[in-house]
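Undergrad: Next come a sequence and a model predicted from it.
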Amino acid sequence: MNSTKSHYKVDLSRILQDLNEVNSFTTSYKDNPRGITRRSFTNEDSKARLWLIKKLEDLNLDVNVDGFGNVTATTKNSGKKVVVGSHLDTIPNGGQYDGILGILSALEALRVIKENNIELNKRIELVAFTDEEERFYSFLGSYAYTGDLDDVNLDKIKDSDGKRLKDQMEKQGFDLKTAVKNSGTNLKEIDSFVELHIEQGPLLENKKVDIGVVDKVKGDWRYALTVKGKTDHAGFPMQFREDAYLELNDILYKAYQKSKEFLDEGLLFTVGKIELSTNLANVAPGKAKGTIDLRVDDITILEKMDLFIKQLAKESSLEVEVDYILKLDPTNFDEKVCKAIEDSCTKLNLSSMRISSGAGHDAQVLATKVPSAMIFVPSVEGRSHCPEELTLDSDIEKGSLLLLETLLSLAQ
């Protein structure tokens, strides 16, 4: 990267070595051994946490692990804190870069600061958040960090396999009740928050732009639809059936067609899960469940789709229940932090563009409390949450150096 104007350099080989080491903590899948599986509160997750703690202690930082497994490491100088971080966990059979690249680029920045004896007016704190990938509760770690878990009934929460959060925490040495009681940090000490992440989309690659300066996260409203009909044999006459799946399918299709009206505004519509009560080839199901995931920058569009989905349910000839799985409104990031990222891009001769994130991130939780923004580095073909996920070494180097420069700018 000889075209950059930075006084400092990051060590790409060191970052890649870190990446290989931490991604060795995974449960492999026979169908695709390249995939990474590091779910929160598993042995793999604990090994990665201990690995990170050792790396941070080697830098003589003030290292702490809270009751939910969030790892924090803070420089020993005085002043408010510039916080940087992401998450250690992955989805099942996920990629090698999602989340962890943000932590490792922050780790490298702290190394460079120490190796060059860089004096700062503010402290820098690295945070590795727990359960961003919602094994149990979406953004569990970042909500714990901001102190927003008081009214959440976590002792009843289970993962998709029916395992309780409380039990899995205990297996890894954490107590849920104590964790909730002691959750939260002193937000008044925080100056700003920055998170580096892979784009999880193709825009940067397609436009041949080095960096995405993320100024907003799309709102994410998710629904669980349950249709109750009548179970019948496949030989039962069609005119007398109450087929729950066909009714569900009709609702989902109509909602999808409605979503096309907002395509130019960037609305994302996803049906990700279908469950049938019988799931047999020769039976018309009496109950069918499906999900809808809506994401867009404009909350008025979410509200219009919300009314439409509920009206479809009301007009159905069968009983239809509509429940919220998640209801996150659009998040706008802080303009000053975005500008600091852009100014650092200019200093390093990196091209950049403003971009909104369709995926959720810990940064959107922090943004409700402290000035926050994100850095995106390109994903090859936009692939993510899959074993084929890839960010080129050159883009890792550019992003890591940019993160370093941004932290130095914010901490002065």
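TA: Looks like it arrived, so ask away.
Undergrad: give the contact list for Ala288.
TA: When contacts are counted by C-beta atoms under 8 Å, 6 or more residues apart in numbering, Ala288 touches 226-227, 229, 244-245, 247-248, 274-277. For the C-beta atoms, the positions are set from N, CA and C on the backbone; glycine is no exception.
Undergrad: List just the nearest of those to Ile325.
TA: Nearest to Ile325 out of those is Thr226 (C-beta to C-beta; 11.9 Å).
Undergrad: give me every residue that touches that closest one.
TA: Going by C-beta under 8 Å, 6+ apart, Thr226 touches 287-289, 320-321, 323.
Undergrad: how about 7 Å then?
TA: By C-beta atoms under 7 Å, 6 or more residues apart in numbering, the residues touching Thr226 are 287, 289, 321.
Undergrad: Would you reformat those residues as TSV and include pLDDT and secondary structure?
TA: Shown next, in TSV, are the contacts of Thr226 (pLDDT from 0 to 100; DSSP: H, G, I helix; E, B strand; the rest coil):
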residue	pLDDT	secondary structure
Lys287	98	strand
Lys289	98	strand
Glu321	98	strand
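Undergrad: tell me which of those residues is nearest to Phe129?
TA: Lys289 (30.0 Å).
Undergrad: what about the nearest residue to the closest one once chain neighbours are set aside, neighbour count?
TA: With sequence-adjacent residues excluded and distances taken as C-beta to C-beta, 6 or more residues apart in numbering, Lys289 is closest to Glu275, at 4.3 Å. As a burial measure, Glu275 scores 15 neighbours (other C-beta atoms under 10 Å).
Undergrad: part of a strand, is Glu275?
TA: Yes: applying DSSP: H, G, I helix; E, B strand; the rest coil, one finds Glu275 inside a strand.
Undergrad: I'd say it and Thr291 touch.
TA: No: Glu275 lies out of contact with Thr291 (C-beta atoms under 7 Å); the separation is 9.2 Å.
Undergrad: circling back: ok, the contacts of Thr226 vs Asn116, which is closest?
TA: Nearest to Asn116 out of those is Lys289 (C-beta to C-beta; 55.8 Å).
Undergrad: Show me what that closest one is bridged to.
TA: Using DSSP bridges, the beta-bridge partners of Lys289 come out as Thr226, Glu275.
Undergrad: give the contact list for it.
TA: Residues in contact with Lys289 (C-beta under 7 Å, 6+ apart) are 224-226, 275.
Undergrad: change it to 8 Å
TA: Lys289 neighbours (C-beta under 8 Å, 6+ apart): 224-227, 248, 273-276.
Undergrad: Mind checking which of those residues are buried?
TA: 224-227, 248, 276 (16 or more other C-beta atoms under 10 Å).
Undergrad: In JSON lines: the residues you listed, plus distance to Glu57 and pLDDT.
TA: As requested, the buried ones among the contacts of Lys289 are exported to JSON lines (distance: C-beta to C-beta, whole Å; pLDDT from 0 to 100):
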{"residue": "Ala224", "distance to Glu57": "43", "pLDDT": "97"}
{"residue": "Leu225", "distance to Glu57": "49", "pLDDT": "98"}
{"residue": "Thr226", "distance to Glu57": "49", "pLDDT": "98"}
{"residue": "Val227", "distance to Glu57": "54", "pLDDT": "98"}
{"residue": "Leu248", "distance to Glu57": "53", "pLDDT": "98"}
{"residue": "Leu276", "distance to Glu57": "51", "pLDDT": "97"}
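Undergrad: with those residues in mind, which one is nearest to Gln412?
TA: Nearest member of these to Gln412, counting by C-beta to C-beta, is Ala224, at 47.8 Å.
Undergrad: Now do Met169 against Glu108, distance only.
TA: Met169 is 30 Å from Glu108, where distance means C-beta to C-beta, to the nearest Å.
Undergrad: er, Val337 actually
TA: From Val337 over to Glu108 the distance is 20 Å, taken as C-beta to C-beta.
Undergrad: Give me the more crowded residue out of these two.
TA: In terms of neighbours (other C-beta under 10 Å), Val337 is the more surrounded of Val337 and Glu108; the figures are 26 against 22.
Undergrad: contacting residues around the more buried one?
TA: With the criterion set at C-beta under 8 Å, 6+ apart, Val337 makes contact with 192-194, 371-373, 410.
Undergrad: again, 6 Å this time
TA: The contact partners of Val337, by C-beta atoms under 6 Å, 6 or more residues apart in numbering, come to 192, 371, 373.
Undergrad: Now tell me what touches whichever strand or helix holds the first one from outside.
TA: Take DSSP states H and E as the rule and Ser192 turns out to sit in strand 190-198. Residues outside strand 190-198 that contact it (C-beta under 6 Å, 6+ apart) are 80-84, 86, 97, 102, 105, 122, 337, 363, 366, 370-372, 374-375, 377, 379, 391, 399, 403, 406, 410.
Undergrad: Over to stretch 264-275?
TA: 252, 256, 259, 289-291, 293, 295-296, 298, 301, 358.
Undergrad: Of the residues you listed, which belong to strands?
TA: When DSSP state E is applied, these are split such that 289-291, 293, 295-296 fall in strands.
Undergrad: gap between Ala144 and Ala128?
TA: Here the distance between Ala144 and Ala128 works out to 12 Å (C-beta to C-beta).
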